[in-house]
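In: All I have is the shape, not the residue letters:
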């Protein structure tokens, strides 16, 4: 029903015709500039906020596309931060939701989609844990991703110190938190396709 859906479905249709209908589609880059040169048509904060805001709302709705109903395609916004040293027209340096000084350019709602360390107890230890109500299949996917990023998941393997309880939620909590603690500890390091969240409460329920 829109150009985004049309392009995603075009790729899905082409893959299906070639016999690859089960290949997962991911949108690696999409966005809108909020500023540009005088000869560029379209860049503005209003247009950028409308495009990114409507895109996020569309993806969160889980409506999907005409050929893939009920499915939210993993999509990466371009960009989180402005690339102020990038060559080319002015719009190339003005796609960011945030400016290089870390101030917000405009709000499309994602800043409130998960808690940040600043909203939790200032002196508390912060953990990354699975959200409530997430299926084992989704948690297993997040677990596999985290363990594939170079962290040590041997303690949750059979015989490991953290193998028990042998449930997906417990193992996912271990892997998610270890990945978060070994990363830059930004909120997006504890997202895992919206299956995890930050907490200042000790996640002992996952390990006992």
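Out: Sure thing, it's come through. Predicted model only: the values in this text are computed from it and were never measured.

In: Show me this protein divided up by domain.
Out: Following automatic domain parsing, one finds the domains of the chain at 3-112, 117-206.

In: Tell me which of those sits most buried.
Out: domain 117-206 (a mean of 16; mean count of other CB atoms under 10 Å). To be clear about C-beta, it is placed using only N, CA and C from the backbone, and glycine gets the same treatment.

In: ok, back up a step: want to try CSV for the domains of the chain, with mean pLDDT as columns?
Out: Putting these into CSV (pLDDT from 0 to 100) gives the following:
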stretch, mean pLDDT
domain 3-112, 91
domain 117-206, 86
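
In: ok, which stretches of the protein are helices?
Out: Taking DSSP state H to define them, one finds helices in the chain at 3-17, 45-60, 136-147, 168-181.

In: which other helices and strands contact the third one?
Out: It stands for helix 136-147. Helices and strands touching helix 136-147, by 3 or more CB pairs under 8 Å, 6 or more residues apart in numbering; DSSP states H and E, are helix 168-181.

In: what's the spacing between the residue lying closest to residue 92 once chain neighbours are set aside and residue 131?
Out: Nearest residue to residue 92 in three dimensions, chain neighbours excluded: residue 86, at 4.9 Å (CB to CB, 6 or more residues apart in numbering). Distance of residue 86 to residue 131, given as CB to CB, to the nearest Å: 36 Å.

In: next one: residue 81
Out: Residue 81 is 26 Å from residue 131, by CB to CB.

In: Residue 33 too?
Out: 33 Å.

In: what's the answer for residue 52, then?
Out: For residue 52, the distance to residue 131 - CB to CB - is 23 Å.

In: With residue 64 instead?
Out: From residue 64 over to residue 131 the distance is 21 Å, taken as CB to CB.

In: do residue 47 as well
Out: To residue 131, residue 47 is 33 Å away according to CB to CB.

In: ok, now residue 194?
Out: Distance from residue 194 to residue 131, by CB to CB: 7 Å.

In: And for residue 150?
Out: Residue 150 is 24 Å from residue 131, by CB to CB.

In: now swap in residue 195 and tell me
Out: Distance from residue 195 to residue 131, by CB to CB: 6 Å.

In: ditto for residue 40
Out: For residue 40 relative to residue 131 (CB to CB), the value is 40 Å.

In: now do residue 141
Out: 14 Å.

In: joint contacts of these two?
Out: residue 195 (CB atoms under 8 Å, 6 or more residues apart in numbering).

In: Out of the helices of the chain, flag the one nearest residue 109.
Out: Set against residue 109 and scored by CB to CB, the helices of the chain come closest in helix 45-60, at 6.1 Å.
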